[in-house]
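Asks: What would the 3D arrangement of this be:
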Amino acid sequence: MSAYTLVLGAGSMATNAGKHPGQLKDDVTSPGGTTIASIHELERSGFRGILMNAVVSAGKRRRELSQS
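Replies: Residues are numbered from 1 along each chain as shown. Just a heads-up that it's a prediction; the model follows:
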């Protein structure tokens, strides 16, 4: 399975499940499994903050470009 397929499936699940993303994470992870190991590494490396900063920066730049 490719990374693309995994991301596409996760996005589809988040869009269509009608559940909070945190609940979906709990639903698909098991103690000691590969998914929770991956999430642990993302959290350890600060991925959440990096992603948040990227979204904020994109929004700021979009506003700047729309005023030009």
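Asks: how about low-confidence regions in the protein?
Replies: Along the chain, segments meeting pLDDT under 70 are nowhere present.
Asks: The same query, at a cut-off of 80, please.
Replies: By pLDDT under 80, the low-scoring segments of the chain are 1.
Asks: Show me where it has its helices.
Replies: 3-16, 21-28, 34-44, 47-66 (DSSP state H).
Asks: CSV for those, including mean neighbour count?
Replies: In this view, the C-beta of every residue, glycine as well, is placed from N, C-alpha and C. As requested, those are exported to CSV (neighbours: other CB atoms under 10 Å):
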stretch, mean neighbour count
helix 3-16, 10
helix 21-28, 12
helix 34-44, 12
helix 47-66, 10
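Asks: Run through the residues that contact residue 24.
Replies: Neighbour list for residue 24: 13, 14, 17 [criterion: CB atoms under 8 Å, 6 or more residues apart in numbering].
Asks: please redo it, this time with the cut-off set to 10 Å
Replies: 10, 13, 14, 17, 18 (CB atoms under 10 Å, 6 or more residues apart in numbering).
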